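Novice: One predicted model, sequence on top.
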Amino acid sequence: MKLLLLIVILSSSLFSMSTLQPTYSLQASGDVQDMSYHVPYLYTATSNGTVDVFNVQTQKKSLTIQIPAIKDFMGDEVSAKVYSVDVLNNTLLIVSQGEKGYRNLWLYTQGTLEKKIDIAQHFFIKEARFIDEQHALLALLSNELVLYDLNKNSVIKIEQVSPSSFSDFTLSEDKQMIITTDESGVVRALETRTLKEIKKYKAFNLDKIFQLDFKHKTLLTAGQDRKSVLYINNQTHEFDFDFLIYSCALNENASLAAIAYNENNDVVIIDTSTQNKKYRLIQNKAVITKILFTQHKELFVASESKKINFWRLP
């Protein structure tokens, strides 16, 4: 009886949301794996070996950066999948597929693509972000975090976070703290310069967390256990759905949370102060790979497809 009541309440909550179609859409060169934004440009990492750069003001693609192709195990030339892209002061930090399963790290600035790490270093990098112009943080599939000097091309420090496989990390707004998670469902905070753990969050996800976001001292998770957890103002709120939660994001002041929540790849927008579900964003073509707020009420949603949707919320 209690389960039936819970289903009725959940269904009523979902159906009370306003449904919003995309304000407009962009078309990338391949399936989108990651996105970064710096006014007025949206940078997208694709599975087709490119970083597509869109001018958001004109809604047009302004540049395509081609990552050199690689050879597969048969010796055939294939596109190098691009896993992550970050931007700082018009310079891009790019992680791409390398040969033998390893990864390459690139810097792109003023039309020049420079390889900083190649497969000789045997790094399985999943994600890389700028700390500042000279330093980057690399996350390896082994759940090791690497503080890397981009000028000297050298490792400053490596820290094994846990024995579990890495899932995702993000940086605090001032880049002084790393918020990271793995297949265990545990979220940890580390000090960026020392890579020392300073906090372990109480775990409410019982399985792998696919993605997380951290803004304005607020944490949001997207879990394989079909649960998204909001840590805000020393309280936690759990949002249970009937599908794997692949992606989530917070806006800049953490007043809104976006969660990909069902098999249709819809995204729900939640008011974090009241936990009310406000909007349902539809017409996403495949499994969501990245949700990115660019303004207080504006966001892009990318998926395992070429289509990138943009919403301007009411």
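Specialist: Nice, thanks for sending it over.
Novice: What is the burial count for the nearest residue to Q66 once chain neighbours are set aside?
Specialist: Excluding the flanking residues, the one nearest Q66 by C-beta to C-beta, 6 or more residues apart in numbering is T50, at 5.7 Å. C-betas here are computed from N, CA, C, even on glycine. Using other C-beta atoms under 10 Å, T50 has 21 other residues around it.
Novice: so what's T50 up against?
Specialist: 28-30, 64-67, 79, 82 (C-beta atoms under 8 Å, 6 or more residues apart in numbering).
Novice: among those residues, who's most crowded?
Specialist: V82 (28 neighbours).
Novice: per-residue confidence for that residue?
Specialist: V82 is assigned 98 on the pLDDT scale.
Novice: Touching, it and D34? I think so.
Specialist: Yes - in this structure V82 lies within contact range of D34 using C-beta atoms under 8 Å: 7.5 Å.
Novice: what is in contact with these two at once?
Specialist: A45.
Novice: one step back: among the contacts of T50, which one lies nearest to L171?
Specialist: Checking the contacts of T50 against L171 with C-beta to C-beta, the nearest one is V82 at 20.0 Å.
Novice: what about the nearest residue to the closest one once chain neighbours are set aside, distance to N251?
Specialist: Take V82 and drop its neighbours on the chain: the residue closest to it by C-beta to C-beta, 6+ apart is A45, 3.8 Å away. Distance from A45 to N251, counting by C-beta to C-beta, to the nearest Å: 22 Å.
Novice: now swap in L219 and tell me
Specialist: 14 Å.
Novice: What of T180?
Specialist: 21 Å.
Novice: Pick out whichever of these two has more residues nearby.
Specialist: Neighbour count, other C-beta under 10 Å: between T180 and N251, T180 has more, with 26 against 22.
Novice: need the contact list for the more buried one.
Specialist: Residues counted as contacts of T180 (C-beta under 8 Å, 6+ apart) are 139, 145, 161, 166, 168-170, 187-190.
Novice: swap in A28?
Specialist: When contacts are counted by C-beta under 8 Å, 6+ apart, A28 touches 44, 46, 50, 52, 302, 306-308.
Novice: Among the residues you listed, list the two that are farthest apart in space.
Specialist: Farthest pair in those, by C-beta to C-beta: T50 and K307, 15.4 Å.
Novice: What residues sit buried inside the helix or strand A302 falls within?
Specialist: Per DSSP states H and E: A302 is located in strand 298-303. In terms of neighbour count (16 or more other C-beta atoms under 10 Å), strand 298-303 has its buried residues at 299-303.
Novice: Redo these as TSV? Include pLDDT and distance to K60.
Specialist: Shown next, in TSV, are the buried residues of strand 298-303 (pLDDT from 0 to 100; distance: C-beta to C-beta, whole Å):
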residue	pLDDT	distance to K60
L299	98	19
F300	98	15
V301	98	19
A302	98	17
S303	97	21
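Novice: Q283: which of those is nearest?
Specialist: V301 (9.4 Å).
Novice: nearest residue to the closest one other than its sequence neighbours?
Specialist: Nearest to V301 is N309, by C-beta to C-beta, 6+ apart, at 4.9 Å.
Novice: same question, N153
Specialist: Leaving aside its chain neighbours, N153 sits nearest to K116 (6.0 Å; criterion: C-beta to C-beta, 6+ apart).
Novice: Check the burial of that neighbour by counting its neighbours.
Specialist: 18.
Novice: Within the helices and strands, which one has it?
Specialist: Using DSSP H and E, K116 falls in strand 112-117.
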